[in-house]
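S.K.: Predicted model and sequence follow; I will ask about them next.
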Amino acid sequence: MNQKHYLETELYEMIQKDSTIFDFLEKNSLDGIWYWDMENPQNEWLSPRFWEVLGYEAEEKKHLVCEWQELIFPEDLEKTIENFNKHYEDSNHPYDQIVRYRHKDGHTVWIRCRGSILRDKNQKPIRMIGVHNDVTFQKYNEEKLLKRTDELKAILDSSLSGIMAFENFYDKNGEIIDFIFTMSNKEACKIAKLSEEQLLGKRLSKIHSGNFKPLDSLGGRTLFDIYKEVVLTGESKSLEFYFEGDGIKDWFRNKAVKFNHGFVCTFEVITQEKLFQEKLEKKVKEEVEKQNKQEKILIQQSKMAAMGEMIGAIAHNWRQPLNTVSLLCLALTTKFDNSKLDKNYLNKWIEKINKQVNFMSQTIDDFKNFYKPKEEFKKIFLKEVILKVASLVNFEFKINNIQIKVDIHPSISFICLENQLQQAIINILINAKEAIINRDIKNGIILISAKRKNSSIELLIQDNGGGIENEEILKSMFEPYFTTKLQSHGTGIGLYMTKIIIEQNLGGKIKVKNLNDGLIFKIKLPILVI
């Protein structure tokens, strides 16, 4: 048997000899001592400190049980009596409870009351001793914390997003192998299809084993791996993933944030959003395909319109050579009739006829190449391309007294779709020609120039067709079906297709503005490398 420490024995002896020591202990370590005569149950001594805690002077109160029973809350008195009876029947049952008293000024005082029955040699209860402790401050803080907890819970439950909190679960080597549910708001319970009671304290792997399976929508990673990474690195993660399993089959948006020894995650079901997004993407794809088809139709219409111009130009270009061939044939016939036709003369005339036929053949080749359905990027020399375009329309322009001047250095070259560039330039030239004719300008001039600037080519096409005074019309020149001509004289797609070709197909930029007595088109083309 352990012997009492000598200091303990000494303290007990000093208390018996000197009452001031007991008073010191009672005043500074307790908030009251009480001693009850169970043989005379109306008598009970309560130390002055107890009454001070309740706002009274000790002299104001008698040492009677009724004195404190008048101040205790009735429901707490019932709890006290019930607890006393249990302790009376079984001394091992502790007489220990926290009860409420009314302070003299009206506020509530929380008191922890503990006691023990003293029995005689026959085990008859004769006295009961106890102590009081004022726990009002602790209860106040406890209620304040509980209120805040309830408020926080209400806020979390009002959220439209699911919110869950987890603590780490370690193996014997200190490795995180699972997570424990510590909190779940109403929305989270609804999504998980489980009550809070079914979740709290449970391991994640036991509730949603799908968190430990690779997900295609996460590139084959598991949610557990990502949550573990959040905990170990402290770096938050935002995810979108498809989860199928544990009675769930939905798309989720999720954000996980480290918190203490675990993490908190918010999540929401976005299945409807994903379905809407898929429908929207499908609709956009269909609209893009529809627009592409429409653009192909417009391109074809533009080509057909330009083809009409080209056919007219070819007809004019062929008229003179055909007349020449006809005259040469007539001259041969005349020589033959006069018997003056010899081999040298015949060869000379055949050479002249072949020259005219070759010119006509070259015209057809240029026309055929211009309308090739498919082409690839290739290196071109800009001046050659411009001169080729000019030759196609030259006769038509000449008969309308319109001169095309080309001021481009022969060395300027770059990678381009030649035929599409030709079509864009022809559309601009045709637009300039019609402006000059409509304004009845006697000496029409179209100046084509170019220069190299760093990684691009700047091509300028300027006319003296009078320009466009109305700024709104000028801004609308590249819009589809916009035309300043009469309905029977224009489709309104030429300059629109020019913009499509330059900006979408060739990756360049095109602008137009008034300059001097006409318009100037500024085309910027990238110098591509293949």
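M.R.: Great, that's in hand.

S.K.: Going by neighbour count, which residues in stretch 451-459 are buried?
M.R.: 456, 457, 459 (16 or more other Cβ atoms under 10 Å). For glycine as for every other residue, the C-beta is placed from the backbone atoms N, C-alpha and C.

S.K.: so the first one touches residue 528, yeah?
M.R.: Put plainly, it is residue 456. No - applying Cβ atoms under 8 Å, one finds residue 456 not in contact with residue 528, separated by 10.2 Å.

S.K.: Need the buried residues of stretch 451-459 in JSON lines (columns: distance to residue 34 and pLDDT).
M.R.: Output for the buried residues of stretch 451-459, formatted as JSON lines (distance: Cβ to Cβ, whole Å; pLDDT from 0 to 100):
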{"residue": "456", "distance to residue 34": "99", "pLDDT": "92"}
{"residue": "457", "distance to residue 34": "105", "pLDDT": "93"}
{"residue": "459", "distance to residue 34": "107", "pLDDT": "95"}
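
S.K.: Among these, which ones are in strands?
M.R.: 456, 457, 459 (DSSP state E).

S.K.: Distance to residue 218 added to the residues you listed, as JSON lines?
M.R.: Shown next, in JSON lines, are those (distance: Cβ to Cβ, whole Å):
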{"residue": "456", "distance to residue 218": "44"}
{"residue": "457", "distance to residue 218": "48"}
{"residue": "459", "distance to residue 218": "51"}
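
S.K.: Which of those sits closest to residue 235?
M.R.: Taking Cβ to Cβ as the measure, residue 235 lies nearest residue 456 of those, at 43.5 Å.

S.K.: Contact partners for the closest one?
M.R.: 508, 524, 525, 526, 527 (Cβ atoms under 8 Å, 6 or more residues apart in numbering).

S.K.: make it 6 Å
M.R.: With contact taken as Cβ atoms under 6 Å, 6 or more residues apart in numbering, residue 456 is in contact with 524, 526.

S.K.: can you pull out the strands in the stretch 101-250 of the chain?
M.R.: Counting by DSSP state E, counting those that start in this stretch, the stretch 101-250 of the chain has strands at residues 108-119, 125-134, 162-170, 176-184, 237-245, 248-258.

S.K.: For my notes, please list those strands in a markdown table and give distance to residue 75 and mean neighbour count for each entry.
M.R.: Listed next are these as a markdown table, based on distance: least, Cβ to Cβ, whole Å; neighbours: other Cβ atoms under 10 Å:
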| stretch | distance to residue 75 | mean neighbour count |
| --- | --- | --- |
| strand 108-119 | 13 | 17 |
| strand 125-134 | 19 | 17 |
| strand 162-170 | 35 | 19 |
| strand 176-184 | 32 | 19 |
| strand 237-245 | 50 | 15 |
| strand 248-258 | 44 | 17 |
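
S.K.: Just tell me which of those strands ends up closest to residue 433.
M.R.: With Cβ to Cβ, the closest approach to residue 433 among the strands of the stretch 101-250 of the chain belongs to strand 237-245: 57.2 Å.

S.K.: Run through who's touching the closest one.
M.R.: Strand 237-245 has contacts (Cβ under 6 Å, 6+ apart) with 210, 215, 217, 218, 226, 230, 251, 252, 253, 254, 255, 256.

S.K.: of the ones in strands among the buried residues of stretch 451-459, closest to residue 281?
M.R.: Set against residue 281, the nearest of those by Cβ to Cβ is residue 456 (34.4 Å).

S.K.: Name the residues linked to the closest one by a beta bridge.
M.R.: residue 453, residue 526 (DSSP bridges).

S.K.: and it, how far is that from residue 508?
M.R.: 8 Å (Cβ to Cβ, to the nearest Å).

S.K.: shared neighbours, the two?
M.R.: Applying Cβ under 6 Å, 6+ apart, one finds that residue 456 and residue 508 are jointly contacted by residue 524.

S.K.: can you list residues touching both of residue 456 and residue 528?
M.R.: Shared contacts of residue 456 and residue 528, defined by Cβ under 6 Å, 6+ apart, are absent.

S.K.: what's the offset of stretch 116-133 from the middle of its chain?
M.R.: 73 Å (Cα atoms, centre = their mean, to the nearest Å).

S.K.: average pLDDT across it?
M.R.: For stretch 116-133, mean pLDDT rounds to 90.

S.K.: First-to-last residue distance for that stretch?
M.R.: Start-to-end span of stretch 116-133 (Cα to Cα, to the nearest Å) is 15 Å.
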